[in-house]
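Q: Next input, structure requested:
(chains A and B)
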Protein chains: 2
Amino acid sequence: MNRVTIEKNVLSENDRIAQRLRDALTGTGTLALNFIGSPGAGKTAFLEKTLERLPAHTRAAVVTGDLQTQNDAIRLQRYGFPVRQITTVGACHLDARMVENHITDWLEEGIEILFIENVGNLVCPTSYDLGEDAKIVILSCAEGEDKPLKYPGIFRKSELMILNKTDLLPYVPFQSEAALTNARSVNPNIEIIQTSCITGAGFDQWMSWLDRRAARKKASARPLAGANVSS
Amino acid sequence: MNRVTIEKNVLSENDRIAQRLRDALTGTGTLALNFIGSPGAGKTAFLEKTLERLPAHTRAAVVTGDLQTQNDAIRLQRYGFPVRQITTVGACHLDARMVENHITDWLEEGIEILFIENVGNLVCPTSYDLGEDAKIVILSCAEGEDKPLKYPGIFRKSELMILNKTDLLPYVPFQSEAALTNARSVNPNIEIIQTSCITGAGFDQWMSWLDRRAARKKASARPLAGANVSS
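A: Sure, this is the predicted structure:
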């Protein structure tokens, strides 16, 4: 068996577990979002700001992946929602089994939103389905406007791009318009929200996106059997 | 054969080619440097600034890796040195064979310095020996001071860390001292140079590091057979 065959087997085994996870998430009406971005794109700060703004009654939870350290979980635990660190010990991505192993009890208790912060890497996490409803790519203005062209896979698979750290725009040679054009050239359907975790810019738009998607997922969990009755 | 065995075979085949490449580079006295960093850490801008400052008579050359696009090669070609793009078409790292395939004629012509810009990724390139004299990790001040702890592999294997984009320090919540402490905690021997490609800060120090290392490599190419004669 050669390497390509092995890779295919690993991915198809992952897909199988991801499907099981997706079914479970559909059953509970849990919106699962898979955040992917470079190291330093601001994934953790973005989630911190999100948790800070989330109504306290929301049943949300976070799993956060890193090769080493519990740093991100410690940062995220300050907001009163359950958070678990997944330490991949060298692996460059999360896979469906790692996520499943960490959230089974949460699903039994019933959660509305599951935030998954992937390992900082624009390449490898792209291939691993985690049973999520949407992949969200986070790109920082400190990176470069050609990233969607250089790493097209993740921009193609993402439903939403967060263009983050817009507060740095006056200080970096980053051309926002070119970044948006590049993202849309690889994925014409991608939605884009521009945010800053320092100034809070864009978070109204993001929180309403999140709210809308969570409501839609919740509604789809319980088929509207009553709809036919009233018609 | 399971996945771990396959991975081991791939890496040992890579090591074999890397050793052949290292022998060739030693024969020609070529200093080979493998630059690794996140997408957007500033690897290409750093190499541009380096080529701009390099004396025109230097026999230097660059290979630059990306999943897609020729963008980086186009940027780097403006400085009068030979540059080749390695497009990995999805692979998250360069391997020794890709590099060997792109530089054989350069080695025959004789080059003093080979710059290798790896794919933007702090994880996977760490495992692939490219026959280089040193790995150099580039970390941007826009990323985060905990990166050496979260991605210890590359900081452990690097001889030099470039802490780049120091011009952004007034605008980002980045603690330089903590970053240096974290880097040294995973690799007490790591050298550190702080640079900005905008202001040029740190480039005197970097160019003299480069000069010193190139001279040392060149000297080791021709064993000093005369040394014993004069003693």
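
Q: What parts of chain A come near chain B?
A: By CB under 8 Å from any CB of the partner chain, the residues of chain A that approach chain B are A:1-3, A:6, A:10, A:38-40, A:66-69, A:71, A:90, A:92, A:119-124, A:140, A:142-144, A:146-147, A:149-153, A:165, A:167-168, A:171-173, A:198. In short, each C-beta sits where N, CA and C put it, glycine included.

Q: out of the residues you listed, which are buried?
A: A:6, A:38-40, A:66-68, A:71, A:92, A:119-124, A:140, A:142-144, A:146-147, A:149-153, A:165, A:167-168, A:171-172, A:198 (16 or more other CB atoms under 10 Å in any protein chain shown).

Q: What about those residues, which are in helices?
A: A:6, A:71, A:147, A:149-150, A:152-153 (DSSP state H).

Q: What is the most widely separated pair among the residues you listed?
A: A:6 and A:71 (32.5 Å; CB to CB).

Q: could I get stretch A:76-83 in PDB with only the CA atoms?
A: Written as PDB, here are the backbone C-alpha positions of stretch A:76-83 (Å, rounded to 0.1, in the frame of the first residue of the first chain):
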ATOM      1  CA  LEU A  76     -11.100  31.200  26.600                       C
ATOM      2  CA  GLN A  77     -12.200  29.800  30.000                       C
ATOM      3  CA  ARG A  78     -12.600  33.300  31.400                       C
ATOM      4  CA  TYR A  79     -16.000  33.900  29.800                       C
ATOM      5  CA  GLY A  80     -18.000  31.300  31.700                       C
ATOM      6  CA  PHE A  81     -18.600  28.800  28.900                       C
ATOM      7  CA  PRO A  82     -17.200  25.300  28.900                       C
ATOM      8  CA  VAL A  83     -13.900  25.000  27.000                       C
END
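
Q: Give me the residues contacting that stretch.
A: Contact with stretch A:76-83 is made by A:44, A:47-48, A:51-52, A:54, A:56, A:58, A:60-64, A:73, A:106, as judged by CB atoms under 8 Å, 6 or more residues apart in numbering or on different chains.

Q: Out of those, which is nearest to residue B:112?
A: Distance ranking of the contacts of stretch A:76-83 against residue B:112, using CB to CB, places residue A:44 first at 42.5 Å.

Q: what's the lowest-pLDDT member of the ones in helices among the buried ones among the residues of chain A next to chain B?
A: Among these, residue A:6 has the lowest pLDDT, at 75.

Q: Which residues are in contact with the residue nearest to residue A:92 when sequence neighbours are not counted?
A: Spatial nearest neighbour of residue A:92, excluding adjacent residues (CB to CB, 6 or more residues apart in numbering or on different chains): residue B:123 at 3.9 Å. By CB under 8 Å, 6+ apart, the contact set of residue B:123 is A:67, A:92, A:119, A:121, A:124, B:92, B:151, B:153-154.

Q: Please render the residues you listed as JSON lines that adds distance to residue B:220 to the earlier fields.
A: Output for the contacts of residue B:123, formatted as JSON lines (distance: CB to CB, whole Å):
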{"residue": "A:67", "distance to residue B:220": "35"}
{"residue": "A:92", "distance to residue B:220": "35"}
{"residue": "A:119", "distance to residue B:220": "39"}
{"residue": "A:121", "distance to residue B:220": "36"}
{"residue": "A:124", "distance to residue B:220": "37"}
{"residue": "B:92", "distance to residue B:220": "33"}
{"residue": "B:151", "distance to residue B:220": "31"}
{"residue": "B:153", "distance to residue B:220": "28"}
{"residue": "B:154", "distance to residue B:220": "26"}
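
Q: what separates stretch A:10-21 from the chain centre, distance-wise?
A: 18 Å (CA atoms, centre = their mean, to the nearest Å).

Q: same deal with stretch A:89-101?
A: 14 Å.

Q: what does stretch A:182-189 give?
A: On the basis of CA atoms, centre = their mean, stretch A:182-189 sits 18 Å off its chain's mean C-alpha point.

Q: what comes up buried for it?
A: Using 16+ other CB under 10 Å as the burial criterion, the residues of stretch A:182-189 that qualify are A:182-183, A:186-187.

Q: likewise stretch A:39-54?
A: Here stretch A:39-54 shows A:39-51, A:54 as buried, counting by 16+ other CB under 10 Å.

Q: Just these: which are in strands?
A: With DSSP state E as the criterion, strands contain none of those.

Q: could you redo the residues you listed as JSON lines and give each row pLDDT and distance to residue B:25?
A: JSON lines is the format used below for the buried residues of stretch A:39-54 (pLDDT from 0 to 100; distance: CB to CB, whole Å):
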{"residue": "A:39", "pLDDT": "97", "distance to residue B:25": "30"}
{"residue": "A:40", "pLDDT": "96", "distance to residue B:25": "32"}
{"residue": "A:41", "pLDDT": "97", "distance to residue B:25": "35"}
{"residue": "A:42", "pLDDT": "97", "distance to residue B:25": "39"}
{"residue": "A:43", "pLDDT": "98", "distance to residue B:25": "38"}
{"residue": "A:44", "pLDDT": "97", "distance to residue B:25": "40"}
{"residue": "A:45", "pLDDT": "98", "distance to residue B:25": "42"}
{"residue": "A:46", "pLDDT": "98", "distance to residue B:25": "43"}
{"residue": "A:47", "pLDDT": "98", "distance to residue B:25": "44"}
{"residue": "A:48", "pLDDT": "98", "distance to residue B:25": "46"}
{"residue": "A:49", "pLDDT": "98", "distance to residue B:25": "48"}
{"residue": "A:50", "pLDDT": "98", "distance to residue B:25": "49"}
{"residue": "A:51", "pLDDT": "98", "distance to residue B:25": "50"}
{"residue": "A:54", "pLDDT": "97", "distance to residue B:25": "54"}
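
Q: and of the residues you listed, the nearest to residue A:114?
A: Closest to residue A:114, out of all of those and judged by CB to CB, is residue A:47, at 11.7 Å.

Q: Would you check that that closest one makes contact with residue A:117?
A: Yes. Assessed by CB atoms under 8 Å, residue A:47 is found in contact with residue A:117 at 6.0 Å.

Q: which residues are in contact with both of those two?
A: With CB under 8 Å, 6+ apart as the test, residue A:47 and residue A:117 both reach A:35, A:62, A:64.

Q: Can you spell out which helices and strands pack onto the helix or strand that contains the last one?
A: So that's residue A:64. If you go by DSSP states H and E, residue A:64 is part of strand A:60-66. Contacts defined by 3 or more CB pairs under 8 Å, 6 or more residues apart in numbering or on different chains; DSSP states H and E place strand A:60-66 against helix A:43-53, helix A:71-76, strand A:83-87, helix A:96-109, strand A:113-117.

Q: just these: most buried one?
A: strand A:113-117 (a mean of 26; mean count of other CB atoms under 10 Å in any protein chain shown).

Q: Distance from the chain centre to that one, please.
A: The answer for strand A:113-117 is 6 Å, by CA atoms, centre = their mean.

Q: Tell me the strands beside it, with direction?
A: Sheet pairing of strand A:113-117 (DSSP bridges) gives strand A:31-37 (parallel), strand A:60-66 (parallel).

Q: Dump those strands to CSV, plus mean pLDDT.
A: As requested, the strands paired with strand A:113-117 are exported to CSV (pLDDT from 0 to 100):
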stretch, mean pLDDT
strand A:31-37, 98
strand A:60-66, 97
